[in-house]
Structure formats: C-alpha cells, structure tokens
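Student: below: sequence and its predicted model.
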Amino acid sequence: MAPVATSEESGNGVIGSVAELKKAQANKPLEDTRLVNPFYSPSAGNENDDDYQYAKYKPHFPVVNWEPLAEIEVTDRGHFADSSKTALFSAAQKVKHLTPAIGTELVGIDLRQLTNEQKDELALLVAERGVVFFRDQELNIHEQLDIARHFGPLHKHATTPVPREPGLEEVHVVYNDAARRPDASAFSKIELWHSDVTYEIQPPSTTSLKVITGPEYGGDTLWSSGYALYSSLSPGMQAYLESLTALHSAVAQAEGSRAAGLHVRREPIETVHPVVRVHPVTGWKSVYVNPGFTRRILGVPKPESDSILNFLFHQVAENVDFQVRFHWEPNSIAFWDNRIVTHTATFDFWPQTRHALRATPHGEKPESVEDYESRTGKVAKDRQIEIWKQQGIEIPQSKKGLSRARGYND
C-alpha cells in the first residue's frame with residue numbers, strides 16, 4: 001500500500017530510534033522525504049447516487065479533528081472461550097477448514113443470533129485460524145458494530161472514508177466503482193499487502209468486513225498467515241527476528257490523503273513494534289511486519305533492514321502455502337485477526353462496483369516473545385509444532401548440510 005522503505009540514514013547507517021529517524025528526515029529536502037502514494041487517495045464515490053440502494057454508506061470525509069489515541073485496557077475475549085468451541089460449532093451446519101494454515105468457513109450460522117459465549121468462541125477460532133468466513137448474512141452495520149464492540153473498543157480511522165449516514169464514524173468504507181480505474185503505475189502488487197493500521201499504539205484485533213455490493217467475479221481478498229511464515233523459518237532466523245523491532249508509520253497514508261485534497265482527522269504517528277509478536281490467547285508466535293506500513297527495522301544497518309524486510313514481504317505476498325483466497329458474494333462477511341495475518345485485495349473488477357464496510361476493534365499493545373514470557377511465565381510457541389504435537393506426529397528435526405531436491409507432483 002505504500003513505499004516499502006524510506007531512505008534515511010544516520011552515521012554508520014544504523015537508526016536505533018524513532019527520534020533518530022525523524023531527525024534524519026528533517027535534514028533532507030522535502031522532495032526526498034515526502035511519501036505520497038496515489039493508492040491512499042480514495043474516490044469520493046459521488047456517481048450514480050439516485051438509484052443506488054446503499055448510497056447512505058458511500059464514502060464521506062468529515063472535516064473534524066480528533067485527539068491522539070490514548071492507551072486503553074483491552075482483554076481479548078478469546079480468553080473466556082471454551083477451547084472446544086462447542087457452542088459455536090453446534091450452531092453451524094458445516095465447518096470447513098479451507099487450508100491447513102489459514103481460513104475456515106462456517107455454514108448455516110446467523111450472526112445476528114450469536115450469544116456472548118459464541119462470540120467468545122468465534123474470537124478464539126479467528127485467533128487460531130487467522131480468518132473465518134460467513135455467507136448470506138443479513139445483519140446491518142449497526143449489528144456488525146455490536147459484534148465488533150464485544151471484541152474491543154472500536155478504532156476510528158484518521159484518513160479513510162466513513163459512511164454518509166451520521167453516527168457511523170467507527171465504520172471504515174471500502175468503495176470502488178467505474179469512476180476510479182486502478183492505475184498500475186501508482187503501486188506494485190506487493191505494496192498492497194498490509195495489516196490494518198499497524199502504526200497505532202494498539203493495532204486492531206478481531207476485525208470484520210462485510211461486502212454489500214460486489215462483482216459477480218473478481219475483487220477477491222487474500223490473507224497470509226504470520227504464524228505460518230514464522231513456522232517456515234530456520235531456528236536461527238526465528239531467534240534473530242525475535243530480537244528485532246520495526247518502525248510502522250502512518251505518514252504515507254496521511255500525505256496521500258492530503259495530496260488528494262482530503263482532511264486528515266488525526267495527525268499521523270510512527271510506532272515501534274516487535275518483528276515477532278505473540279498472540280495473547282494462543283501463545284503462538286507470528287511475524288508482524290507488512291509492506292503497507294512497516295518502514296524499517298531499528299538498530300541494524302539500512303541494507304540489512306532492507307534485505308530482511310524484502311525477504312519477509314515477498315514471503316507474505318508469494319508463498320501460497322501461507323495464504324487463503326476468498327471470493328465475496330453480497331452479504332459475505334469475514335472476521336480476521338489483524339495481529340497474525342496480512343491481507344490484500346485483487347483490483348481486477350473494474351468497472352464493476354465493490355462496496356464493503358469494516359468494523360475494527362483495538363487490540364493490546366504488540367508483545368514480543370521476551371515480554372510475553374516475562375509477563376505470563378509461559379513459553380511462547382510455534383503454531384505448526386503445536387499442531388503436529390496435537391496430531392501425534394513426530395516433529396521433524398532440522399538437518400545440517402546440503403538437502404537433495406525431492407520430486408513434486410501436481
């Protein structure tokens with residue numbers, strides 16, 4: 001969604017803090033530090049209002065000013081769930097796991113009828129599977145917000161549109177139609193992968209998106225598992241990444257909005273988070289960087305930072321073993337855990353209309369492996385190893401030396 005990295009340096013090429021990064025930016029000409037990406041310049045969607053059923057949910061950009069976000073206490077609802085998820089699963093006609101690593105679809109559940117017990121179990125399922133899908137859901141945006149509030153206090157976005165209908169400032173509008181043709185010169189596909197607003201001090205947790213208008217085909221969303229990415233790495237790389245922190249920035253998003261003549265409702269911030277975070281409920285480790293908002297790894301030379309991030313970003317975008325792809329239909333809704341997955345959409349549906357509404361609860365501050373283990377007294381886990389243990393599978397041992405390629409059939 002934004003340029004992969006900025007070009008700041010300090011002394012020996014190592015930047016160890018946000019303050020040093022800002023100082024480096026201040027010493028450069030404006031044209032060298034401006035991060036403007038046309039992807040951050042959304043359409044106002046003013047066309048074809050007269051006969052559109054959901055015109056009241058089309059993009060609106062209120063000119064208001066919000067205070068910086070303060071830290072808030074959040075307790076993940078998955079902590080209160082029955083690990084068997086009996087209440088949730090018994091209400092479904094079918095439970096379909098879509099890939100080994102990520103993605104589950106629940107069939108036959110009406111989200112309007114969920115009890116608090118079932119909502120807690122949904123939070124746990126999303127924490128384990130990354131993203132959970134439902135189709136044919138008639139719940140309206142107010143009911144969607146009620147479910148989201150069960151998971152945590154709702155985030156209000158500083159730049160992206162809200163619905164025209166008053167009182168819905170906690171809703172994020174996703175909207176594209178024939179008036180806005182994607183410009184391939186504005187961004188590369190890898191830059192579109194992101195986890196939502198990771199620059200916040202407390203980025204989102206169990207997030208939901210409901211499509212209310214969509215093309216017959218195209219406009220899919222893909223999610224990639226941070227659990228699976230972590231599990232795929234060598235023990236040495238895992239340990240190295242666990243020692244690192246990275247800078248996440250809202251600057252490009254704010255500048256893109258201003259370049260489009262739009263008001264920024266809250267000033268952009270930059271925040272440092274661990275490169276590997278631990279989910280507070282599952283205790284599993286997940287890689288936590290994304291092309292959209294992660295700018296650089298702190299405390300290492302810039303070439304090293306660039307190389308590590310480039311490797312991780314390409315794994316997110318290109319390793320299909322980590323991914324699930326979902327084709328939306330009107331009234332489909334997805335719940336995903338922004339702490340452990342990244343996502344992107346396909347822009348292959350122009351000139352058709354794609355319109356969706358997102359509700360985004362805050363999570364806790366991202367916690368490193370060291371901090372999690374110090375706070376809880378528990379050992380953070382590798383998801384894949386834990387799954388193998390549950391299945392009674394002997395855990396493969398890492399081999400030293402050269403490996404011979406093995407045959408693969410498809």
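Tutor: Structure received. Numbering: from 1, shown residues only.
Student: only C-alpha atoms from now on, for both contacts and neighbour counts.
Tutor: OK.
Student: what sits against residue 134?
Tutor: 105-107, 109, 332-334 (C-alpha atoms under 8 Å, 6 or more residues apart in numbering).
Student: again, 10 Å this time
Tutor: 104-111, 210, 328, 331-335 (C-alpha atoms under 10 Å, 6 or more residues apart in numbering).
Student: for residue 325, same thing?
Tutor: Residue 325 touches 98-99, 102-103, 220-224, 343-345, counting by C-alpha under 10 Å, 6+ apart.
Student: now residue 397
Tutor: Contacts of residue 397 (C-alpha under 10 Å, 6+ apart): none.
Student: look up how far residue 241 lies from it.
Tutor: Counting by C-alpha to C-alpha, to the nearest Å, the separation of residue 397 from residue 241 is 20 Å.
Student: contacts only, for the closest residue to residue 389 other than its chain neighbours.
Tutor: In space, residue 389 comes closest to residue 395 once its chain neighbours are excluded; the distance is 7.4 Å by C-alpha to C-alpha, 6 or more residues apart in numbering. Residues in contact with residue 395 (C-alpha under 10 Å, 6+ apart) are 384-386, 388-389.
Student: now do the same contact list for residue 70.
Tutor: Residue 70 neighbours (C-alpha under 10 Å, 6+ apart): 200-202.
Student: what's the helix or strand for it?
Tutor: Assigned by DSSP states H and E, residue 70 falls within no helix or strand.
Student: for it, phi and psi?
Tutor: With angles defined as degrees, to the nearest 10, residue 70 sits at phi -100, psi 160.
Student: repeat that for the one 10 residues further on.
Tutor: The main-chain torsion angles of residue 80 are listed as degrees, to the nearest 10 and equal phi -100, psi 0.
Student: now do it against residue 122, distance only.
Tutor: From residue 80 over to residue 122 (counting by C-alpha to C-alpha), the distance is 11 Å.
Student: and if you look at residue 188?
Tutor: If you measure residue 188 against residue 122 using C-alpha to C-alpha, the figure is 34 Å.
Student: is it true that residue 172 lies in a helix?
Tutor: No. Counting by DSSP: H, G, I helix; E, B strand; the rest coil, residue 172 falls outside a helix, being strand.
Student: residues in contact with it?
Tutor: Residue 172 touches 57, 59, 155-157, 159-163, 209, 356-360, counting by C-alpha under 10 Å, 6+ apart.
Student: filter those down to the ones in strands?
Tutor: 59, 162-163, 209, 356-359 (DSSP state E).
Student: and those, which are buried?
Tutor: Among these, those buried by neighbour count (16 or more other C-alpha atoms under 10 Å) are 59, 162-163, 209, 356-359.
Student: residues of stretch 382-390 that come out buried?
Tutor: Neighbour counts over stretch 382-390 (16+ other C-alpha under 10 Å) mark 382-384 as buried.
Student: I meant stretch 132-147, not that one.
Tutor: Residues 132-135, 137-139, 141, 144-145, 147 are the ones in stretch 132-147 that count as buried (16+ other C-alpha under 10 Å).
Student: hmm, which two among the contacts of residue 395 are most spread apart?
Tutor: Largest separation among those by C-alpha to C-alpha: 384 and 389, giving 8.6 Å.
Student: residues in contact with the closest residue in space to residue 208 that isn't next to it in sequence?
Tutor: The shortest distance from residue 208 to any non-neighbouring residue, by C-alpha to C-alpha, 6+ apart, is to residue 335 (4.4 Å). When contacts are counted by C-alpha under 10 Å, 6+ apart, residue 335 touches 103, 122-123, 125-127, 130-134, 148, 205-210, 358-360.
Student: strands - which of these land there?
Tutor: Among those, DSSP E puts 131-134, 206-210, 358-359 in strands.
Student: wait, residue 330 touches residue 139, no?
Tutor: No. Using C-alpha atoms under 10 Å as the test, residue 330 is too far from residue 139 to be in contact (11.9 Å).
Student: quick one: common contacting residues for these two?
Tutor: residue 210.
Student: so who does the closest residue to residue 280 other than its chain neighbours touch?
Tutor: Nearest residue to residue 280 in three dimensions, chain neighbours excluded: residue 76, at 7.5 Å (C-alpha to C-alpha, 6+ apart). Taking C-alpha under 10 Å, 6+ apart, we find residue 76 in contact with 120, 123-124, 127, 150-152, 205-206, 279-281, 362-364.
Student: again with residue 221
Tutor: Residues near residue 221 by C-alpha under 10 Å, 6+ apart: 324-328, 334, 343-347.
Student: give me the three-state assignment for residue 237.
Tutor: Following three-state DSSP, residue 237 is assigned to helix.
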